[in-house]
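A.B. asks: Okay, here's the prediction I keep looking at, along with the sequence it came from:
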Amino acid sequence: MAVPNPYETRKLVDEYLLFHFGSPDEILLPAGGPADALGFPVRTVTETLDTASKAGRALDLGCATGRSSFELSRFCEEVIGIDFSDAFIDAARRLGSGQTLEYERLEEGHLRTRLFAVLPFGARPDRVRFETGDAMNLRDDLGTFDIVHAANLLCRLPEPLRLLKRLPSLVNPGGTLILATPCTWLEDFTPPENWPTGRTLDWLRSHLEPTFALERTLDLPFLIRETARKFQWTVSLGSVWKRA
Ligand SMILES: C[S@@+](CC[C@H](N)C(=O)[O-])C[C@H]1O[C@@H](n2cnc3c(N)ncnc32)[C@H](O)[C@@H]1O
């Protein structure tokens, strides 16, 4: 029986609108919290790429509600954001067209607060196109990219190797590949026979080198709020690769 896709639910769209577009005081209690884990979909771009230099085409795989795609649009001429979820792509497109999206933040039990997501100031939605698609089976005519960004996607794919095998034909020579993964391999998403047998970074190296050279790794913490008093704090493993 097919597992229902959680990323199509209103709950997850709301959680990701807050995750991608909520302000620190909309996410944290007044008492504060791990503020350095906020803004993850901004930091996967700003902490890994030279955002001061202009770039050509960028691809954001598993873009969810689109925040990293909008960040890439600040310095890339063209950005394609692809996600498997129609509900996420619909939200990203509506933000790109200038709509304000109303969503709900769960406080506790039956209590919810109404919030609004808007396009971040300075983003260039005219440069961004969102489409639904499967990162394991991307369309043949996508073309090639100077930047491919895939944050917290790999360990949500049933067959992550299919994406790794496609990457050499997606990234231009000299181009940059940004991967981030919390290495949370779960049977709900990926059958254990498709998990790395050892450390995820070694597995990535064994499949990406020598076509890609690993430039550096970095820790990318992120915070997903479940209720006013319950958060998931996770550290994604970021890696920056140069295409030979
Ligand atoms: C953990 S979320 C990460 C989203 C976003 N990159 C971020 O960092 O906030 C995983 C995303 O991958 C998407 N996804 C799952 N399977 C996919 C697939 N086969 N192809 C494309 N996107 C997929 C989900 O819909 C979801 O938006």
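C.D. replies: Ah, there it is.
A.B. asks: Now the element after the worst-scoring helix or strand of the chain on mean pLDDT, going C-ward?
C.D. replies: Using mean pLDDT, DSSP states H and E, helix 24-27 stands out as the lowest-scoring helix or strand of the chain, at a mean of 89. Once the chain leaves helix 24-27, the next helix or strand it forms, by DSSP states H and E, is helix 40-46.
A.B. asks: check contacts around the most centrally placed residue in the chain.
C.D. replies: For the chain, the residue nearest the mean C-alpha position is A151 (3.8 Å; Cα atoms, centre = their mean). By Cβ atoms under 8 Å, 6 or more residues apart in numbering, the contact list for A151 reads F40, P41, T44, G62, S68, I178, L179, A180, L220, S236. Every C-beta, even on glycine, is put in place using the N, C-alpha and C of the backbone.
A.B. asks: Could you point out which of these is nearest to E8?
C.D. replies: Checking the contacts of A151 against E8 with Cβ to Cβ, the nearest one is G62 at 14.3 Å.
A.B. asks: Taking the contacts of A151, please make a PyMOL selection of just the buried ones.
C.D. replies: Buried residues among the contacts of A151 (16 or more other Cβ atoms under 10 Å), as a PyMOL selection:
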select buried, resi 40+41+44+62+68+178+179+180+220+236
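A.B. asks: Those residues of the protein touching the ligand, which are they?
C.D. replies: Proximity of the chain to the ligand (Cβ under 6 Å from any ligand atom) is limited to residues 7, 41, 62-64, 82-85, 88, 134-136, 151-153, 156-157.
A.B. asks: need the longest strand for the chain.
C.D. replies: Secondary structure of the chain per DSSP state E: the longest strand is strand 212-227.
A.B. asks: the residue most distant from the middle of this protein, which is it?
C.D. replies: Distance from the C-alpha centroid of the chain peaks at H110, with 29.3 Å (Cα atoms, centre = their mean).
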